[in-house]
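S.K.: after the sequence you'll find the predicted model.
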Amino acid sequence: MIIVEEQLKGRKGEIKLIPENLDDLWHLKFIIEPGDIVFAWTKRVRESSDKLRSDKEKVTVRLGIEVERVEFHKFANRLRITGRIVAGVEDSGYHTINVPVGKEISVIKEEWKEEQLKRIKEAEEASKRPEVVIVTIEEGDAVVGVVRQWGVEELTNVSMGYGKESSARIEFFHEVMRQLESIDFRYLVVAGPGFTKEDFAEFLKEHKPDWNVITCDASGIGTRGFLEVLKRGILNRIVGEIRLAEEAEYIDVLLERIAKNDRVAYGLEEVKRAFDYGAIEVLLIADEFLREQREKWDIDGFMRDVEAMKGKVVIMSTEFEPGQRLMSLGGIAALLRFPIE
C-alpha cells in the first residue's frame, strides 16, 4: 500500500492511497465502511447534448460517493465500491467505483478507528516484505502459488504425463522452472509428497543457485498442499510472523481448548464475562463480525480495554479457513489466562 497523503485532524479526515497488490484491495474491504466518502477518477455515462442524437458516451470524471456497499472480487482483481454520488458531477444518483491495483483513491471518515489506521500501516509495511512463492509438486504435476495476507493465490499449474524416461522428467522440471522464472519472488518453498520435491530442489540448486529454496513435506498438491505448508510454520523461518500461520495456530488452540473445556470463552456474552474477570489473554475477532458489531456498540473501545489489561487482540480474516471457523463459533472468542466459573 502506498500512502500518498494524510490530512487528519485527530481521527477525522482524509487519507489518499494507492493499492499495490491484491492484499491491499482485501485490506480496503475492511477499512472502507458505509457512510465513508470515497473519491476516485472513474468512468461515467453522459448523454449527448444534441437532442437529435440518442447516443451516450463515457467520460472520465472525479466522483465522490457516500459508501453503501464494498465488495472484494479477488478473481477479478478489483474492489467494487457502491454508493450515492455526493460530489463531482451535477446530477445525483448512484455509482460504482471499480478499484484495481494501482488506482489512487481518497477515503474520508468522520472518525478513523485505531484498528483501521493500524491495518493501513501494516499493509504499507507488508508491501516491503519479500514475496514467498510455494510450488507443490509430485510426479508430472505441479501447482504454484504466492503467499498473500488473505491466503495463497494460485498462479499457475504444470501437468505433463511421462513414464520412466528420465529425459521427460527433466523436461517437466525445466517447464516448472520456466513458470517460476516469470514470477518476482525472493523465497521459494518446494513442497509435496514423496521424493519429487527433493529432486526438484536439487535441480533448482544446480540451475538457479541464487534462489533461496526450502523444502517442506506435504501430503498433496494445490490448495491442500498450500494449507499444510502454512500450518507447518515453515513460512515463519522466512519472513518472521506471517498472519496466516498465526491465525491457523490460534484457531487450532481454540478448538483444542473448546474440546477440553479448558480456559476458553466463545460467543459475545461469554467473552464479555471473561473480560469482567480480567481473564482474557488473547482476544480473537473475525473481521466480518467486527464490522457488524461496530454498528451496535463500541467494540473498538472494548478491544482497547483488552489491550490495556495486557491482552492481545488478533483480528482474523474470514477470507481464510481459520476466520471462517471463528465466524461459525459466533465471530468472537478468547483464550484465557485462567478458567472462570
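M.R.: Arrived safely. Residues are numbered from 1 along each chain as shown.

S.K.: going by C-alpha atoms from here, please, whenever you check contacts or count neighbours.
M.R.: Noted.

S.K.: distance of Lys197 from Lys231?
M.R.: Distance from Lys197 to Lys231, counting by Cα to Cα, to the nearest Å: 18 Å.

S.K.: same question for Leu25.
M.R.: Applying Cα to Cα to Leu25 and Lys231 gives a distance of 25 Å.

S.K.: who's more crowded, these two?
M.R.: Leu25 (26 against 17; other Cα atoms under 10 Å).

S.K.: so where's the stretch 101-250 of the chain shaky on pLDDT?
M.R.: Counting by pLDDT under 70, the stretch 101-250 of the chain contains low-confidence ranges at 126-130, 149-150, 164-165, 235-245.

S.K.: I'd like the next helix or strand past whichever strand or helix holds Ala201.
M.R.: For Ala201, the element it lies in under DSSP states H and E is helix 196-207. Per DSSP H and E, the first helix or strand lying C-terminal to helix 196-207 is strand 212-217.

S.K.: what residues does that following strand touch?
M.R.: 186-193, 197-198, 201, 205, 229, 234 (Cα atoms under 8 Å, 6 or more residues apart in numbering).

S.K.: just give me how far that strand sits from the chain centre.
M.R.: Relative to its chain's centre, strand 212-217 lies at 23 Å (Cα atoms, centre = their mean, to the nearest Å).

S.K.: kindly report the same for stretch 109-128.
M.R.: For stretch 109-128, the distance to the chain centre is 13 Å (Cα atoms, centre = their mean).

S.K.: now stretch 200-211
M.R.: Counting by Cα atoms, centre = their mean, stretch 200-211 comes out at 30 Å from the chain centroid.

S.K.: restrict it to CA atoms and write it as CSV.
M.R.: C-alpha atoms of stretch 200-211 as CSV (Å, rounded to 0.1, in the frame of the first residue of the first chain):
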residue,chain,number,x,y,z
PHE,A,200,13.3,-30.7,-7.9
ALA,A,201,15.0,-28.7,-5.2
GLU,A,202,18.4,-30.3,-6.2
PHE,A,203,17.6,-29.5,-9.8
LEU,A,204,17.0,-25.8,-8.9
LYS,A,205,20.2,-25.6,-6.9
GLU,A,206,22.1,-26.7,-10.0
HIS,A,207,20.3,-24.4,-12.4
LYS,A,208,19.3,-21.5,-10.1
PRO,A,209,22.0,-21.4,-7.4
ASP,A,210,21.0,-17.8,-6.4
TRP,A,211,17.4,-18.8,-5.5
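
S.K.: show me the contact partners of it.
M.R.: With Cα under 8 Å, 6+ apart, stretch 200-211 has contacts from Phe173, Met177, Arg186, Tyr187, Leu188, Val190, Val213, Ile214, Thr215.

S.K.: how about the contacts made by the residue nearest to Glu14 when sequence neighbours are not counted?
M.R.: Using Cα to Cα, 6 or more residues apart in numbering and skipping the chain neighbours, the partner closest in space to Glu14 is Ile108 (4.3 Å). By Cα under 8 Å, 6+ apart, the contact set of Ile108 is Lys12, Gly13, Glu14, Ile15, Asp36, Ile37, Val38.

S.K.: make it 7 Å
M.R.: Counting by Cα atoms under 7 Å, 6 or more residues apart in numbering, Ile108 touches Gly13, Glu14, Ile15, Asp36, Ile37, Val38.

S.K.: Phe275 too?
M.R.: Taking Cα under 7 Å, 6+ apart, one finds nothing in contact with Phe275.

S.K.: element containing it, please.
M.R.: Going by DSSP H and E, Phe275 is in helix 268-276.

S.K.: residues of that helix that come out buried?
M.R.: Buried residues in helix 268-276, counting neighbours by 16 or more other Cα atoms under 10 Å, are found at Val271, Lys272, Ala274, Phe275.

S.K.: run through the bridge partners of the residue nearest to Glu14.
M.R.: Glu14, Ile37 (DSSP bridges).

S.K.: break this structure down into its domains, please.
M.R.: Per the record, the chain has its domains at 2-126, 132-239, 247-336, by automatic domain parsing.
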